[in-house]
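Asks: Okay, sequence plus prediction incoming.
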Amino acid sequence: MVIFNAKDDGEPMSPKIITVANMKGGVGKTTTSVTLAETLTVNNDFKVLLIDCDPQTNATLMLTGENAWEKARNEKRTLNDYFFWPFIYNKREPLTSFMVENASDLVISGTDRTPDLAVVPSHPDLPQTEREYIRRLVLQGQDLNGVRDHVVSMMQNGIEELGDRFDFVIIDCPPGISYFAEAAILLANIVITPVTLDYVAKYGLDRISQFLTSPVNNRDGRRRSYYALPTKFRNLEEQRARLDLIKNHHPVLPVKISDSVQIARAAYWSSTRRTFASKYGSENAEEIKLLGEAVLDKMTELV
Ligand SMILES: Nc1ncnc2c1ncn2[C@@H]1O[C@H](COP(=O)(O)OP(=O)(O)OP(=O)(O)O)[C@@H](O)[C@H]1O
Ligand SMILES: [Mg+2]
């Protein structure tokens, strides 16, 4: 199904970009990235590429398992290698060369079809690559804004070249601040910020909002939206109160993802394919499906 990727003149458009980011760790960024990628492919028949920007490589492991990830590392086909290739070979290689196709351990219910989901795996050396990347660009005379623009254009060019191969690119960001995470936020059509509805939840959202509205980050005039997504929700009075407070200041998706052992367990790669409902449990599967639909709704508001 392609509803966002047809231009009037018939030219294929590049995919829409959904970035999942929060400086705070452990709030469910990776779980959101992976479950969103899975529901958009399995339940909505979209084609999705997930780019794993986190050197912890959790999304990669969740979507490919250890063996495929090790193979990608050995063959130098990770995000790390995509960024480093131009320094070694003096030219950029397309993002598709760094992709593991047929990712995810799901099968589409009632069929033997697998979701059209690919992943650009991450690498534990990504922080060193980022440092070395910056050092080399600074030696070439770039200032820090120039470095960031360079990272943005590396990612942007890679994604634009994908054409209509994918409907959506989902970028899983690491916690904290990094050039890669900033670039992923700047490139996004929609930023999703998972929050665990604790005391600091609002601050994570304040930071994203400030970052997106600061004039220096709006030089391209591109329209971006961000939405909070409550995760690990236990329907506690304190959480509901925190959510009300957040809603006064920030846009919130009309979905909550429950705190569930089955969602946590689903993070472990299964060598036997399973259906979406059996992987997450039917109630969680329904919440995740609603998450996908809420994001699609917000996406249509953008066009
Ligand atoms: N809805 C949920 N219910 C129960 N456990 C969850 C849920 N969402 C995530 N978890 C678990 O919480 C932990 C952190 O989740 P996750 O890795 O998605 O967060 P993160 O924000 O990506 O973390 P990091 O900042 O380290 O990248 C993981 O063990 C994950 O399985
Ligand atoms: Mg993560």
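Replies: Now that the structure is in, tell me what you want to look at. Ligands and ions are numbered 1, 2, ... in the order given.
Asks: wait, what's in contact with the residue lying closest to residue 258 once chain neighbours are set aside?
Replies: Leaving aside its sequence neighbours, residue 258 sits nearest to residue 233 (C-beta to C-beta, 6 or more residues apart in numbering; 5.3 Å). All C-beta spots, glycine's among them, are computed from the backbone N, C-alpha and C. Residues near residue 233 by C-beta atoms under 8 Å, 6 or more residues apart in numbering: 197, 239, 256, 257, 258, 259.
Asks: could you dump the host helix or strand of residue 159 to CSV, C-alpha only?
Replies: In this structure, residue 159 sits in helix 144-160 according to DSSP states H and E. Backbone C-alpha positions of helix 144-160 (Å, rounded to 0.1, in the frame of the first residue of the first chain) are rendered in CSV as follows:
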residue,chain,number,x,y,z
LEU,A,144,30.5,22.4,14.5
ASN,A,145,27.4,23.5,12.7
GLY,A,146,29.1,22.4,9.4
VAL,A,147,29.7,19.0,11.0
ARG,A,148,26.1,18.6,11.9
ASP,A,149,24.9,19.7,8.5
HIS,A,150,27.3,17.1,7.0
VAL,A,151,25.8,14.3,9.2
VAL,A,152,22.3,15.5,8.2
SER,A,153,23.1,15.5,4.5
MET,A,154,24.7,12.0,4.8
MET,A,155,21.5,10.7,6.3
GLN,A,156,19.2,12.7,4.0
ASN,A,157,20.9,11.7,0.8
GLY,A,158,20.9,8.1,1.9
ILE,A,159,17.1,8.2,2.6
GLU,A,160,16.2,10.2,-0.5
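Asks: list the helices and strands that helix packs on?
Replies: In terms of contacts (3 or more C-beta pairs under 8 Å, 6 or more residues apart in numbering; DSSP states H and E), helix 144-160 is packed against helix 79-89, helix 126-139, helix 179-187.
Asks: Mind listing what's buried along that helix?
Replies: Residues 147, 148, 149, 150, 151, 152, 154, 155, 156, 158, 159 are the ones in helix 144-160 that count as buried (16 or more other C-beta atoms under 10 Å).
Asks: deepest of the helices and strands packed on helix 144-160, which one?
Replies: helix 179-187 (a mean of 22; mean count of other C-beta atoms under 10 Å).
Asks: contacts for it?
Replies: 17, 19, 21, 51, 53, 126, 130, 133-134, 147-148, 151-152, 154-156, 159, 171, 173-174, 191, 208, 211-212, 217, 224.
Asks: That helix vs ligand 1: in contact?
Replies: No: Helix 179-187 does not reach ligand 1 (C-beta under 6 Å from any ligand atom); its nearest approach is 10.6 Å.
Asks: Out of the helices and strands packed on helix 144-160, the one nearest ligand 2 is which?
Replies: helix 179-187 (11.0 Å; C-beta to the ion).
Asks: any chance you could map the helices in this protein?
Replies: Here the chain has its helices, by DSSP state H, at 29-42, 58-74, 79-89, 126-139, 144-160, 179-187, 201-213, 237-247, 261-265, 276-280, 282-302.
Asks: Dump those into TSV; add distance to residue 229 and mean pLDDT as well.
Replies: Shown next, in TSV, are those (distance: least, C-beta to C-beta, whole Å; pLDDT from 0 to 100):
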stretch	distance to residue 229	mean pLDDT
helix 29-42	6	98
helix 58-74	16	97
helix 79-89	24	89
helix 126-139	25	89
helix 144-160	22	91
helix 179-187	15	92
helix 201-213	11	92
helix 237-247	11	96
helix 261-265	13	98
helix 276-280	16	98
helix 282-302	7	96
